[in-house]
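# Give me the fold of what follows.
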Amino acid sequence: MAQVLTVHPDRLKGRHIQRAAEVLRQGGVIVYPTDTIYGLGCDITNKQAIERVQRIKGRDHKKPMSFVCADLTHISDYARVSNYAHRILKQCLPGAYTFVLPATRQTPRILQTKQKTVGLRIPDHPVPLALVRALGQPILSTSANYADQEVITEPWALEEELGPQVDLILECGPLPVEASSVVSLVGDQPEVLREGKGDLSLFAEEA
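Numbering: from 1, shown residues only. Okay, here's the model as predicted:
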């Protein structure tokens, strides 16, 4: 059964973040809060951990998963960012968006699409950003639920449903059922792939 630690975004306990980073470093899988929904995470450099997340979710391994970076400079390590894309990223991040960009060679192939693109996030939430910094690597970002089932947003349900499957849960109370908006910045203009949390009028103006 997973260890459960309670985190408060406005007063993070460094020992909880360090404990979670240790679990990730050892190839573990955790549940963590974001600015949208709870996520399942692992170290993106650990292929076995990524495959474990896929098994936990019952997710098709061909469906790519996004990951969390710490800042815009960090994103540029894993994606090729055009000038117009950089303007949008700078305006929108941190925020409730997943941006699809052309992947660099540094992005693990298991996280790339057939078109060699990748989904990247910088959530407007201190927990995932602190985790990335403590780990020194990006962390996987996929919803904490089983494939084709409702997103789990209540802490008690996370413990009941995913507790036996993961190594650690960072919980901060109930979260709303609203995923990030997914926006492709691969072409010359932004393309909204999924409507979710986040102001989408910004991309209409850009277009």
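# Find the centremost residue of this structure, please.
Ser141 (2.3 Å; C-alpha atoms, centre = their mean).
# Show me what the host helix or strand of that residue is packed against.
Per DSSP states H and E, Ser141 falls inside strand 139-143. Using 3 or more C-beta pairs under 8 Å, 6 or more residues apart in numbering; DSSP states H and E, the elements in contact with strand 139-143 are strand 39-41, helix 47-57, strand 66-68, helix 126-135. (C-beta placed from N, C-alpha, C; glycine too.)
# on that earlier part again, so the residue nearest to the centre of the chain makes contact with Pro33?
No - using C-beta atoms under 8 Å, Ser141 makes no contact with Pro33, being 11.6 Å away.
# what sits in contact with each of those two?
39, 128 (C-beta atoms under 8 Å, 6 or more residues apart in numbering).
# about what we covered before: quickly compare the helices and strands packed on strand 139-143 and say which is most buried.
Between these, strand 39-41 has the highest mean count of neighbours, a mean of 29, where neighbours are mean count of other C-beta atoms under 10 Å.
# For beta bridges, what are the partners of Phe99?
Leu120, Val183 (DSSP bridges).
# now it: how far from Asp43?
According to C-beta to C-beta, to the nearest Å, Phe99 and Asp43 sit 21 Å apart.
# So if I had to pick from these two, which one is more boxed in?
The neighbour count for Phe99 versus Asp43, taken as other C-beta atoms under 10 Å, is higher for Phe99 (27 against 23).
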